[in-house]
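> Below are the sequence and a predicted model; questions follow.
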Amino acid sequence: MKKHNFYAGPSILPEFTKQKVAEAAIDFAGTGLSVMEVSHRSKEFVAVMDKAIELVKELLHVPEGYSVLFLQGGASTQFLMAPYNLLKKKAAYLNTGSWSSKAIKEAKLIGEIVEVASSKDANFNYIPKGFVIPEDADYFHITSNNTIFGTALLTDPVSPVPLVADMSSDIFSRLIDVSKYDVIYAGAQKNLGPSGATLVIVKDDALGKVDRPIPTMLNYQTHIDKVSMFNTPSVLPVFACLQTLIWLKEKGGVEAMEKINIEKATLLYDELDRNILFEPNIKVVEDRSRMNVTFVMTPEYAEQEKAFLDFATSKGMVGIKGHRSVGGFRASIYNAMPVDSVKAMIGAMQEFEQTI
Ligand SMILES: *Cc1c(COP(=O)(O)O)cnc(C)c1O
């Protein structure tokens, strides 16, 4: 039976990426060696890194004066690394979920943090609005897509200070204006590749302004100077990320992907709004994530939760159980998720509705 992969992360990858990784696991670029067993300084792997960086710049229209890095340590290391490099005195954070809260916790080790607003009072089921960003903050940090709760900031926020964004779960899903950001970071395992690579886009001018000594590996400049080759990069994940970038370009780039993502999300939210058994967690329509659609059974049918999970599983749906802090269900519909899988999910919901 065909499996429809709705896992939140690690998550679905394009068939193209998996095929190319499978081939290169045995014979990489005609070397007769696996991509895992050639030097990262070989001309074949250097070409992979260079091409991956070039495609990130092309697909996101990254302006001059920015560096693209492939690091390790996940987005969780960036929670610390970004403030280490950028926070002089004070930074502003918007608290929209568990990942934002973790970013705030780490940043507090470095400097004064102003939490401009939080939706914690409502279990993060909306994006706070109308908050004031202090003009003397060194930067304003956002989590553009809240993977666990299913909310998103679908436009670049207006900010008097530079932005720093955790885009782990929506990078490449919609067009962004990179020039508004000092740092964008994303663990690869949601929308780009396997875990083990972390994409960072950093404005060169934003660096070198803090007085504190920065540990070598936590210093963006170290990795900029060595084009992400200061130490051994995660060669297989970076190779896989490159394949997804090639696939994305062939699909028409981020602009084309954004249209498909809107189509997929609209189909699913429309069904959740229609189907008597289900309701979306996020009631504020403009805050609804296009990547992670969270939903529950309506109160009347709450006792059907387990039955629906079993039914959907029998139809090939994988990974739809909601995060433990939210409950219910979560369908993660990242770039690599075909419209047909979303339709299959909707089909399962409609079929289940008929059985009640
Ligand atoms: C998954 C995720 C993280 C954590 O990423 P790691 O790579 O596991 O450190 C951080 N932020 C967001 C928004 C995420 O979705």
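Yep, it's here.
> Now the stretch 201-350 of the chain against the ligand: closest residue?
Among residues of the stretch 201-350 of the chain, the one nearest the ligand by Cβ to the nearest ligand atom turns out to be Asn292. It sits 8.3 Å away. C-beta coordinates here come from the backbone N, C-alpha and C atoms, glycine included.
> And for that residue, the neighbour number?
Under the neighbour criterion other Cβ atoms under 10 Å, Asn292 is assigned a count of 31.
> Repeat that for Val164.
Other residues near Val164 come to 28 when the count uses other Cβ under 10 Å.
> Which of the three states applies to the nearest residue to Ser42 once chain neighbours are set aside?
Nearest in space to Ser42, with sequence neighbours left out and distances taken as Cβ to Cβ, 6 or more residues apart in numbering, is Thr31 at 7.6 Å. Using DSSP: H, G, I helix; E, B strand; the rest coil, the structure places Thr31 in coil.
> Return the distance of Thr31 relative to the ligand.
Applying Cβ to the nearest ligand atom, to the nearest Å, the value for Thr31 to the ligand is 30 Å.
> so what's that residue up against?
Shown here is Thr31, whose contacts under the criterion Cβ atoms under 8 Å, 6 or more residues apart in numbering are 38, 42, 44.
> neighbours of the first one, just the number please.
Neighbourhood size, Val38 [other Cβ under 10 Å]: 19.
> same question, the last one
Under the neighbour criterion other Cβ under 10 Å, Glu44 is assigned a count of 15.
> Pretty sure it sits against Val38.
Yes: proximity of Glu44 to Val38 meets the contact threshold set by Cβ atoms under 8 Å, at 6.2 Å.
> Are there residues contacting both of the two? Which ones?
When contacts are counted by Cβ under 8 Å, 6+ apart, Glu44 and Val38 have 28, 31 as shared neighbours.
> For the ligand, what is the nearest residue in the stretch 1-150 of the chain?
Gly74 (2.6 Å).
> So for that residue, what's the nearest residue that isn't a sequence neighbour?
Closest residue to Gly74 in three dimensions, ignoring its sequence neighbours and counting by Cβ to Cβ, 6+ apart: Gly187, at 4.7 Å.
> quick one, phi/psi of that neighbour?
Dihedral angles phi and psi of Gly187 (degrees, to the nearest 10) take the values phi -60, psi 140.
> Residues in a beta bridge with it, which ones?
When bridges are called by DSSP bridges, Gly187 pairs up with Thr198.
> you'd agree it is up against Thr198?
Yes: under the contact definition of Cβ under 8 Å, Gly187 touches Thr198, with a separation of 5.4 Å.
> Between these two, which has more neighbouring residues?
It is Gly187, of Gly187 and Thr198, that has more neighbours when counted by other Cβ under 10 Å, with 28 against 25.
> ranges for the helices of the stretch 201-350 of the chain?
Counting by DSSP state H, counting those that start in this stretch, the segments of the stretch 201-350 of the chain that form helices are 220-225, 235-250, 253-274, 305-314, 339-355.
> just checking, what packs against the longest one?
Spelled out, it's helix 253-274. Taking 3 or more Cβ pairs under 8 Å, 6 or more residues apart in numbering; DSSP states H and E as contact, the helices and strands that helix 253-274 lies on are strand 278-280, strand 292-297, helix 339-355.
> The shortest one pairs with which strands, parallel or anti?
I take that to be strand 278-280. Paired neighbours of strand 278-280 in the sheet (DSSP bridges): strand 292-297 (antiparallel).
> Other residues contacting the partner strand?
If you take Cβ under 8 Å, 6+ apart as the criterion, strand 292-297 is touched by 8, 145-150, 169, 265, 268-269, 272, 277-282, 302, 304-305, 308, 322, 326-333.
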